[in-house]
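Trainee: Need a 3D model of the following:
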Amino acid sequence: MEVVELRFLLMMLGYPPDYRVALSNIRPAEKLSERNRACRQLVDRRLIDCSTEVMRFKTTPAGKALLRLDAARLPVSDVERLILKAGLAETVTPGQALKGVHDNERQSMLSSLAERGFIQTETRIQDVWLTTSGQLFLQYECVPQGNPTISLNLLSNYLGFLRRAYAQSLDSDSLSIAQTLRWKKSTKPHDDEIHQMIRAIDHELGTNNYLPIFHVRSSLQPPLTRDELDQALYRLQRNDVIDLSSLQEAVTYSSEQIEAGIPQDIGGPLFFITLLENPIYS
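Mentor: Model prediction:
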C-alpha cells in the first residue's frame, strides 16, 4: 500500500462511526491529484466506496441512435429525451441541460442514462466511506512498512478505530449469546449454556463479576424451574466454574430481589455469582 493511500485511510478514521466524509475534507500532504488517484485505487480495491456527481456529459452514439427511433417507442422518459438532445452537439453540464429540475433528480437520471450507455459522463467524487472490507483490512491485514511520516493525529485516529472495533466485538458477542439463550424458551439449557449466559449477563450489565442471582432467574425461568436453576448453580460451583456468596448489605436491593437468592439454613441467602477461571464440567 502506498503512503498516500495509508494516510487517506487514516484520515477517514477520524470520522466515526460510519467513517463517511466529503472527499474535500481528506487533505494528505501529497498533491490533490495524488489524493484523487489514491481514492480511485482504494475504490478499485473495494476498501472504500464513494458517491459521485456528474459534472459534464455528452450523448454517445447509442444515445443518438435511440433518438432516431419513434418517440412513442423510446425506453426513456420525456425528460431523459431532453437530456440526450442537449448532449448531441457538445459536452454540457447538467444545469445547461435541465435548468428547472432539482439537482438530485438530474443526477439520478444522468446516472441511469450513463449505466445504459446512452451518455458519456465526467464525474467528480463527493463523499467517501470505509467499506466493511476496508474495516476488516485495517483491523487484521494492514502491515505498513518502511519509514513514512505519520502524524500523531493519524495514529490517534487508528487507535480510536481499533478500540471501537474491539468494544463492538465484545458487545456483539455477549449480546448474541445472551439473546440466543433467552430466546430458547422451549428447551432447557445445559450447564455450559448456563455458564455462558452468566458470563454474557455479567458483561452486558457491567456487574464486574459480582452478578446478583435475580438477573439469571429472569433470563432462565422459564424454561428452568427455580429448583432446577438452583441445582445447576450448585453443580457449577462444585465444578469450580462459579462461586456463590451471600448478601452482606441489603439496603440497595428490593425484597423481591433478595428473595430470588438461594435460601440457606444458616445465614442469609446466596445472592451473588462470581465466575472462576478454568471451568471443568462433569
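Trainee: Spatially nearest residue to G117 (excluding sequence neighbours)?
Mentor: A62 (4.9 Å; C-beta to C-beta, 6 or more residues apart in numbering). The C-beta positions use only the backbone N, C-alpha and C, and glycine is treated the same way.
Trainee: Surely the one you found touches F118?
Mentor: Yes: judged on C-beta atoms under 8 Å, A62 makes contact with F118 at a distance of 5.7 Å.
Trainee: ok so, going back, from T252, how far out is the residue nearest to G117?
Mentor: Taking C-beta to C-beta, to the nearest Å as the measure, A62 falls 75 Å from T252.
Trainee: If you count surrounding residues, which of the two has more?
Mentor: Neighbours per residue (other C-beta atoms under 10 Å) separate A62 from T252, with A62 holding more: 13 against 8.
Trainee: Under the pLDDT cut-off, which ranges of this protein? List them.
Mentor: 168-186, 250-251, 277-282 (pLDDT under 70).
Trainee: Please repeat the previous calculation with a cut-off of 50.
Mentor: Judged by pLDDT under 50, the chain has its weakly predicted residues at 183, 278-282.
Trainee: Mind jotting down where the helices sit in it?
Mentor: 3-12, 32-44, 61-67, 78-86, 94-97, 103-115, 132-136, 152-183, 191-205, 213-220, 226-238, 255-259 (DSSP state H).
Trainee: who wins for proximity to S24 among those?
Mentor: Closest approach to S24 among the helices of the chain is made by helix 32-44 (9.5 Å; C-beta to C-beta).
Trainee: Can I get the closest one as CSV, trimmed to CA atoms?
Mentor: Output of helix 32-44 as CSV, limited to C-alpha atoms (Å, rounded to 0.1, in the frame of the first residue of the first chain):
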residue,chain,number,x,y,z
LEU,A,32,-4.7,16.7,-4.7
SER,A,33,-4.1,14.8,-8.0
GLU,A,34,-2.3,12.2,-5.9
ARG,A,35,-5.1,12.1,-3.4
ASN,A,36,-7.7,11.6,-6.1
ARG,A,37,-5.6,8.8,-7.7
ALA,A,38,-5.3,7.1,-4.3
CYS,A,39,-9.0,7.4,-3.8
ARG,A,40,-9.8,5.7,-7.0
GLN,A,41,-7.3,3.0,-6.3
LEU,A,42,-8.9,2.3,-2.9
VAL,A,43,-12.3,2.2,-4.5
ASP,A,44,-11.0,-0.3,-7.1
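Trainee: chain center to that helix: distance?
Mentor: Centroid displacement of helix 32-44 relative to its chain, using C-alpha atoms, centre = their mean, to the nearest Å, is 24 Å.
Trainee: For that helix, which helices and strands make contact with it?
Mentor: helix 3-12, strand 48-59, strand 119-130 (3 or more C-beta pairs under 8 Å, 6 or more residues apart in numbering; DSSP states H and E).
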